[in-house]
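below is the sequence, then the predicted model.
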Amino acid sequence: MQLQQLAYFVAVAEVRHFTQAAELLRVAQPSLSKQIRALETELNAPLFSRARGNITLTPAGEALLPLAKRILADVDTARLEVQELTGLRRGRVRLGATPSLCAGLLADVLRRFHDAYPGIQLLVEEGGSRDLVKELTRGSLDLALVILPLHGDPPLDTTPILREYLVVASPVGTGGGGSKAMQMPRRSFLRIEDLRNRPLVMFRSGYDLREATISACRAAGFEPRFAVEGGEMDAVLRFVEAGLGIAVVPSMVLAGRPGLRGTPLVLADEEARRGHHGPGLLRTIALAHRKDVDLTHAARAFQDLLMTFLVEAGAAESLPAGVESLLRA
């Protein structure tokens, strides 16, 4: 049974005339009659009575007519739904992002996307990079902003888009007073060695920041000391403000927090002696999606808009402090 056959059947049933139905459908009348006969053969029942030139529905035709109309209506609805999705009038984008990006530039990107495509639903999941990679691999997300390099070789395509510098967040006023462990060197930069024996506020497992900080400390020859661990981004920053310890965070998350200061990290002693702030502790952010799944039209539109936004922001030097775009026009 073909949709075309059902459409021909409904047309004849409504006008009760084969020639008129063919004209309405703009098909040849013999072709229409042939398709109706094929449908009757498949159903093993006549659909029309043609006695004395009058076209009437048989009991089988009466039974089929409402079903055929419903099927054709559902097909039209499906066609419209798909056209709306491909035309970006409806749909959704499931996006994962790290807390620093959610608190920073992502809001501007989401606003621009919503203005361009108000019918597209935006679902944002905030989490650590490793957690986002797992969700993306499971198919729970369409796109995710994650930290490179990825661990475990997940089946993802990644495009590096941002470089984000990390700083040591400490409470304002800890330069001299307070406990010895909380006293920070009066310099414009810090070395990883300066974190030795100082209380750290540490993120929960699943955050790339946790692994980056621990790895840097171990590379410098010591184990970090945790004052508090297990928090999300907002909690970590609040604990630092309360004086529980210091934390290594992206510089952009300190915007709007006057109780905190961010001190750049310098990894090389020679660079430190020269007064340079690099090469510092940094991380590369990539836009990722699954290799084996084609992006939806909505997700691809978001990807294109994000790339355009970062190119424009990089050219205008309007990105948050400590963030560099890796995309060029």
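Nice, thanks for sending it over.

show me where this protein has its helices.
3-15, 18-25, 29-43, 59-86, 99-103, 106-116, 129-138, 208-219, 233-241, 269-273, 297-315 (DSSP state H).

CSV for the ones you listed, including distance to P250?
The way it works is simple: take the backbone N, C-alpha and C, and place the C-beta from them, glycine included. Listed next are these as CSV, based on distance: least, Cβ to Cβ, whole Å:
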stretch, distance to P250
helix 3-15, 55
helix 18-25, 63
helix 29-43, 65
helix 59-86, 35
helix 99-103, 4
helix 106-116, 13
helix 129-138, 12
helix 208-219, 8
helix 233-241, 9
helix 269-273, 20
helix 297-315, 16
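
out of those, which one sits most buried?
Mean neighbour count (mean count of other Cβ atoms under 10 Å) peaks for helix 99-103 among these, with a mean of 22.

list the contacts for T56?
R16, F48, S49 (Cβ atoms under 8 Å, 6 or more residues apart in numbering).

report the longest strand in the protein, please.
The residue-count maximum for a strand in the chain (DSSP state E) belongs to strand 156-171.

verify the stated contact: A21 with A28.
No - here A21 does not reach A28: they are 11.6 Å apart, not a contact under Cβ atoms under 8 Å.

quick one: contacts for the most centrally placed residue in the chain?
Nearest residue to the geometric centre of the chain (Cα atoms, centre = their mean): L95, 2.1 Å. Contact analysis of L95 by Cβ under 8 Å, 6+ apart lists L122, L123, V124, E125, L141, D142, L143, A144, L145, F302.

if you set the cut-off to 7 Å instead, what comes out?
Residues near L95 by Cβ atoms under 7 Å, 6 or more residues apart in numbering: L122, L123, V124, L141, D142, L143, A144, F302.

related to what we said a few turns ago, mark which of the contacts of T56 are buried, thanks.
F48 (16 or more other Cβ atoms under 10 Å).

in strands only, show me the contacts of T56.
F48, S49.

JSON lines for the contacts of T56, including distance to A321 and pLDDT?
Listed next are the contacts of T56 as JSON lines, based on distance: Cβ to Cβ, whole Å; pLDDT from 0 to 100:
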{"residue": "R16", "distance to A321": "76", "pLDDT": "93"}
{"residue": "F48", "distance to A321": "77", "pLDDT": "94"}
{"residue": "S49", "distance to A321": "82", "pLDDT": "92"}
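
report the two of the contacts of L95 separated the most.
Greatest spatial distance among the contacts of L95 (Cβ to Cβ): L122 and A144, at 13.8 Å.

that older thread, mean confidence (pLDDT) on the longest strand of the chain, please.
On average, the pLDDT along strand 156-171 is 93.

return the list of helices and strands in contact with it.
Contacting strand 156-171 under the criterion 3 or more Cβ pairs under 7 Å, 6 or more residues apart in numbering; DSSP states H and E are the following elements: helix 233-241, strand 247-250, strand 260-266, strand 282-290, strand 323-325.

gap between the second one and the chain center?
Meaning strand 247-250. 24 Å (Cα atoms, centre = their mean, to the nearest Å).

pull the longest strand of the chain out as CSV, backbone CA atoms only.
The C-alpha coordinates for strand 156-171 follow below in CSV (Å, rounded to 0.1, in the frame of the first residue of the first chain):
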residue,chain,number,x,y,z
LEU,A,156,34.5,12.5,19.6
ASP,A,157,35.4,15.1,17.0
THR,A,158,37.0,18.1,18.7
THR,A,159,37.7,21.7,17.5
PRO,A,160,40.0,23.8,19.7
ILE,A,161,38.3,27.2,20.1
LEU,A,162,39.7,28.9,23.2
ARG,A,163,42.8,29.1,25.4
GLU,A,164,42.1,29.9,29.0
TYR,A,165,44.7,31.0,31.5
LEU,A,166,44.5,29.8,35.1
VAL,A,167,45.2,32.0,38.2
VAL,A,168,45.4,31.5,41.9
ALA,A,169,42.3,32.8,43.6
SER,A,170,42.9,34.2,47.1
PRO,A,171,40.9,36.4,49.5
